[in-house]
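*Asks:* Need coordinates for the following:
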Amino acid sequence: MMSSSMNSTPGEVHHVVALEQFAPDAAVELAAAADKSGFAGTVVADRFQPWLPSQGNASFAWAVLGAIGQQTTGMVTASAVPGYRMHPAAVAQASATLATLYPNRHRLILSAGDAIDEHIVGQYWPEASERAARLFDAAEVIRKLFAASAKGNDTRHSGPHFRLESSRLWTMPTSPPLMQVWAGGPMTARRAGRTLDGMVVQAGPAERMAALLNAFREGRREAGRSTESAQTVVHAQLSWAPTDDEAMTQALRDWPMAGLRFPRGDIRSPFDVDQLARSVTADDIRARIPVSSDPEVHRAYLQSFFDLASTPSICTTLGRAHRANGSRLPAVRFSRNW
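*Replies:* You can find the predicted model right below:
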């Protein structure tokens, strides 16, 4: 796994702790090891089920993040899905509580979600366009609560998908947490630029990522917002292990979803994912992510995103090799070319 010694926002690398793969105590232990290795922070996604039955875990992200914050010194970032299992107001309350516990150390990432986690409450699972609309309506609820509560005021909301009666967050830090959104296409990126603090994009071809970054900046300019203060984040997956063969074995075993050739947002069961993932080959994995025992391969991969002026970069390993090796994460350095 990669690490960075830089503590300023540009050039940061944050470690994603996959709660699908680790029990809560092991997740906290891994986050603490990554913190000591020089990572700028920990990212945890709010999941209800693992992607694969063999992953074996899916603990409550907000509780785990609270424990991680006690054992680390860097950022504690939650990736949450508002509006299905949790009303946006409940997500806002959880985020504000973390931000109060850990001043200037918490960020909130919002996602449109996946059926595997969100269908369990029995609601209709909408098409992708409606999920995006719900995401931004939920973000507006959270934004209003953050802004009003920081000033000691009540707020309300009546949108196309969510309502909020007159209320406030009674536990609220002076400065609201930064709020970012996952952007899968130019329209979402542009809308994020208009209304939110930043966006997160999945690592991919340079041309696609540049288009998303440009759309995000255009949205900020359209809304009269500065592009300098915007937070653009890359979620980059990689597989590191002591040998190349081990790195590939763990990628195929622990995270074959990286090699799937179609979206998985509508799949509802880990057992269905498991069946579909059996068709994934080593070539499928290599075509999408770096798989290597050489830290330089991964350093160059992450550096390419910094060269796109994406700051900071979120990174995750695939598998458990870094923990099995005593949480010794190879340290590398990054340069900033913008």
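*Asks:* burial count for Val76?
*Replies:* Look at Val76: counted by other C-beta atoms under 10 Å, it has 25 neighbours. In short, each C-beta sits where N, CA and C put it, glycine included.
*Asks:* start at 89 instead
*Replies:* Okay, using 89 as the starting number, the last item reads as Val164.
*Asks:* Isn't it up against Leu153?
*Replies:* Yes - the pair Val164 / Leu153 is scored as a contact, 5.2 Å apart, by C-beta atoms under 8 Å.
*Asks:* Now for those two: what residues contact both?
*Replies:* With contacts taken as C-beta atoms under 8 Å, 6 or more residues apart in numbering, Val164 and Leu153 have 130, 132, 186 as neighbours in common.
*Asks:* quick one: which of those residues sit in strands?
*Replies:* 130, 132 (DSSP state E).
*Asks:* which one of the shared contacts of Val164 and Leu153 has the most neighbours?
*Replies:* The most crowded member of these, judged by other C-beta under 10 Å, is Thr130 (28 neighbours).
*Asks:* what helix or strand is the nearest residue to it once chain neighbours are set aside on?
*Replies:* Closest residue in space to Thr130, ignoring its immediate chain neighbours: Ala119 at 4.3 Å, by C-beta to C-beta, 6 or more residues apart in numbering. Element membership of Ala119 [criterion: DSSP states H and E] is helix 112-125.
*Asks:* can you give me the angle that helix makes with strand 129-133?
*Replies:* If you take axes from the mean of the first three to the mean of the last three C-alpha atoms, to 10 degrees, helix 112-125 sits at 150 degrees to strand 129-133.
*Asks:* Averaged pLDDT, helix 112-125. What do you get?
*Replies:* Mean pLDDT, helix 112-125: 95.
*Asks:* That helix packs against which elements?
*Replies:* If contacts are counted by 3 or more C-beta pairs under 8 Å, 6 or more residues apart in numbering; DSSP states H and E, helix 112-125 sits against strand 101-104, strand 129-133, helix 149-159, helix 409-412.
*Asks:* which parts of stretch 288-300 are buried?
*Replies:* 288-289, 291, 297, 300 (16 or more other C-beta atoms under 10 Å).
*Asks:* Mind checking which of those are in helices?
*Replies:* 297, 300 (DSSP state H).
*Asks:* Could you point out which of the buried residues of stretch 288-300 is nearest to Arg408?
*Replies:* Ala291 (21.1 Å; C-beta to C-beta).
*Asks:* List the residues that contact the residue lying closest to Trp258 once chain neighbours are set aside.
*Replies:* Nearest residue to Trp258, sequence neighbours excluded (C-beta to C-beta, 6+ apart): Ser237, at 7.7 Å. Neighbouring residues of Ser237 by C-beta under 8 Å, 6+ apart: 184, 243, 256-258, 260, 264.
*Asks:* swap in Leu140?
*Replies:* The neighbourhood of Leu140, defined by C-beta under 8 Å, 6+ apart, consists of 108, 342, 344-345, 358, 361-362, 365.
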